[in-house]
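Student: Sequence plus the predicted model coming up.
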Amino acid sequence: MADLSYTPKVYRKQGGEEFVVASGGKINIESGGDIEVNGVSLIDEVAALSGLEAGEVAYLDGVTAGTVTAGKAVVTTTSKHIDALVISDGGLALGAGAGTAITSTAAELNILDGATLAVAELNILDGVTSTAAELNILDGVTATAAEINLIDGSIAGTAVASKALALGADKNVDVLAVADGGLALGAGAGTAITSTAAELNILDGVTSTAAELNALDGITSDVNELNILDGVTSTAAELNILDGVTATAAELNALDGITADVGELNILDGVTSTAAELNILDGVTSTAAEINSLDDSAAFADGLSRVRLATATYDFAVNGGAISAIPLAATVPDNAVILDGMVDVITTLTSATDAATIALSVEGADDIVTAVAILTATDWDAGLRPIKPLGTSATAIKTTAARAITATIAVEAVTAGKFVVFLRYVLSA
């Protein structure tokens, strides 16, 4: 008979919608049994939580794998990743077991932020003892290692082959080889030294001063010409005698054998006569006084004198014959006493009607030939024609100044004809 006083602790609620475990009741699942919710074994889940306290389980509440949440457990993704993690300086260790503590601070580790260098490149610093200031010397350097190595082995003041040259404390260097034409001296780009080493070596052992060397400035003589001085014992003063001499050696040799003294040679000073003109005296035995009698000077002097001749030629067809006083190309000097003369009419004079008159004069009108018309007489016909008789004291003419022989044309112009006038005279005081 059923016990109607028994109330079950586990039962199905009427209607079958719920399964109820009453107070004091339990569900006992035997080994091999399971309870699943949405395909997930609750037995496995409960086993995983076995031994955990409620507070510990709470650390998992709200956790997202791979995302760190404050106050919650850290759960990595399937790739063992998390988005962020804050660790106190010195609290990080890496490696197996207890690992190796990372003692660098966040600030020190952040130095690597943005670094792209590899481990091998970082290892270049291994063993570097240079200070930052010393390393900063390389700041801005564009030289290659090979170029910097040119300094390696350089010695100040000493030229080392294939190395950079460092001058000594006095800006000196022991030896330097420069290609011919590669040396320049002076400010800026300097002045190129174009002399070769061989040419510069000419100065080796030279003791001359700059002033003494400058004495050669402008010399155009060749070696042979300079060797002319070899053995010369003349002083500068003696050599200076030749200063300004333009004579050639041949011209100077013309003096070879001359015995004349300075005074005798000075006689030639100012002589402008040519050799041919001087040779006129060759064989002359006349004295100076006798030669002076031929002096053409217009000044009177006592002693031997000579009769002089004034001549003048005029061609009317060439020079014209207008009514006028025409000075002919001859001048009789002052104090000339005209003795006589003649007119040589080369071609008969003519005028339009032959009425033209012609007179010749020196000191006064008509004093040589009286004016006469061409048609009146034969005075101006071709041939030798006389002048006025002048051979006496009563008829002689003496000039009071230098006078030109003058032809005076009147009545009408002379159109043609030519004559020559001859006047003999002597000079008086």
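Tutor: That came through, no problem.
Student: mind listing the strands in the stretch 301-429 of the chain by residue range?
Tutor: Taking DSSP state E, counting those that start in this stretch as the test, the strands found in the stretch 301-429 of the chain are 308-315, 325-332, 336-351, 357-361, 369-373, 383-386, 397-398, 403-410, 414-427.
Student: Tell me which of these lies nearest to A98.
Tutor: strand 325-332 (147.0 Å; Cβ to Cβ). Placement of C-beta: from N, CA and C, glycine included.
Student: Direction included, what does that closest one pair against?
Tutor: strand 403-410 (antiparallel) (DSSP bridges).
Student: Okay, angle between the partner strand and strand 369-373 too, please.
Tutor: Relative orientation of strand 403-410 and strand 369-373, computed by axes from the mean of the first three to the mean of the last three Cα atoms, to 10 degrees: 20 degrees.
Student: Would you mark the buried spots in strand 403-410?
Tutor: Residues R403, A404, I405, T406, A407, T408, I409 are the ones in strand 403-410 that count as buried (16 or more other Cβ atoms under 10 Å).
Student: circling back to that earlier point, out of the strands of the stretch 301-429 of the chain, which comes closest to G263?
Tutor: strand 414-427 (34.3 Å).
Student: hang on, the earlier thing: could you identify the most distant pair in the buried residues of strand 403-410?
Tutor: It's R403 and I409 that sit farthest apart of the buried residues of strand 403-410, by Cβ to Cβ, at 18.3 Å.
Student: So which residues make contact with stretch 188-206?
Tutor: D180, G181, L183, A184, L185, L213 (Cβ atoms under 8 Å, 6 or more residues apart in numbering).
Student: ok but the last one is inside a strand, no?
Tutor: Right, the one you point to is L213. No - when the secondary structure is assigned by DSSP: H, G, I helix; E, B strand; the rest coil, L213 falls in helix instead of a strand.
Student: SS state for the residue nearest to L265 when sequence neighbours are not counted?
Tutor: Residue nearest to L265 in three dimensions, not counting chain neighbours: I258, with 7.9 Å by Cβ to Cβ, 6 or more residues apart in numbering. Taken by three-state DSSP, the conformation at I258 corresponds to coil.
Student: Just tell me which of the strands of the stretch 301-429 of the chain ends up closest to E147.
Tutor: Short answer: strand 325-332, nearest of these by Cβ to Cβ, at 98.2 Å.
Student: Would you reformat the strands of the stretch 301-429 of the chain as TSV and include mean pLDDT and distance to T233?
Tutor: Below are the strands of the stretch 301-429 of the chain laid out as TSV (pLDDT from 0 to 100; distance: least, Cβ to Cβ, whole Å):
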stretch	mean pLDDT	distance to T233
strand 308-315	97	60
strand 325-332	95	62
strand 336-351	97	64
strand 357-361	98	75
strand 369-373	97	78
strand 383-386	97	76
strand 397-398	94	70
strand 403-410	98	67
strand 414-427	97	60
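Student: Just say which of these is most tucked in.
Tutor: strand 357-361 (a mean of 22; mean count of other Cβ atoms under 10 Å).
Student: Adjacent strands (with direction) for it?
Tutor: For strand 357-361, pairing defined by DSSP bridges yields strand 369-373 (antiparallel), strand 403-410 (antiparallel).
Student: How many neighbouring residues does N28 have?
Tutor: Around N28 there are 6 other residues, counting by other Cβ atoms under 10 Å.
Student: give the contact list for it.
Tutor: Contacts of N28 by Cβ under 8 Å, 6+ apart: none found.
Student: Repeat that for I102.
Tutor: So I102 contacts G90, L92, A93, L94, L109 (Cβ under 8 Å, 6+ apart).
Student: Next step: these restricted to strands.
Tutor: By the criterion of DSSP state E, membership of these in strands covers L92, A93, L94.
Student: Could you list the low-confidence segments of the stretch 151-300 of the chain?
Tutor: 289-300 (pLDDT under 70).
Student: can you give me the helices in it?
Tutor: Using DSSP state H, counting those that start in this stretch, the helices of the stretch 151-300 of the chain run over residues 197-200, 210-214, 223-226, 236-239, 249-253, 262-266, 275-278, 288-292.
Student: Let's see the pLDDT reported for D89.
Tutor: Listed pLDDT for D89 reads 79.
Student: and what of T78?
Tutor: pLDDT, T78: 84.
Student: How about it: what's its closest non-neighbour residue?
Tutor: T78 sits nearest to A65 (Cβ to Cβ, 6+ apart), 7.6 Å away.
Student: who's in contact with that neighbour?
Tutor: Here A65 is in contact with V75, T76, T77, T78 (Cβ under 8 Å, 6+ apart).
Student: neighbour-wise, which of those residues leads?
Tutor: V75 (15 neighbours).
Student: is it true that it touches D61?
Tutor: No - using Cβ atoms under 8 Å, V75 is not in contact with D61, being 11.7 Å away.
Student: and D334, what is it in contact with?
Tutor: A298, T399, T400, A401, A402.
Student: For stretch 174-183, measure first residue to last.
Tutor: Distance across stretch 174-183, first residue to last, is 16 Å (Cα to Cα, to the nearest Å).
Student: What are the contacting residues of that stretch?
Tutor: G157, T158, A159, L165, A192, I193, T194, T196, A197.
Student: Of those residues, keep whichever come out buried.
Tutor: Buried, going by 16+ other Cβ under 10 Å: I193, out of the contacts of stretch 174-183.
Student: Could you let me know which of the contacts of stretch 174-183 ends up closest to A22?
Tutor: Once Cβ to Cβ is applied, the member of the contacts of stretch 174-183 that ends up nearest A22 is L165, at 108.6 Å.
Student: Thanks again, I'm all set now.
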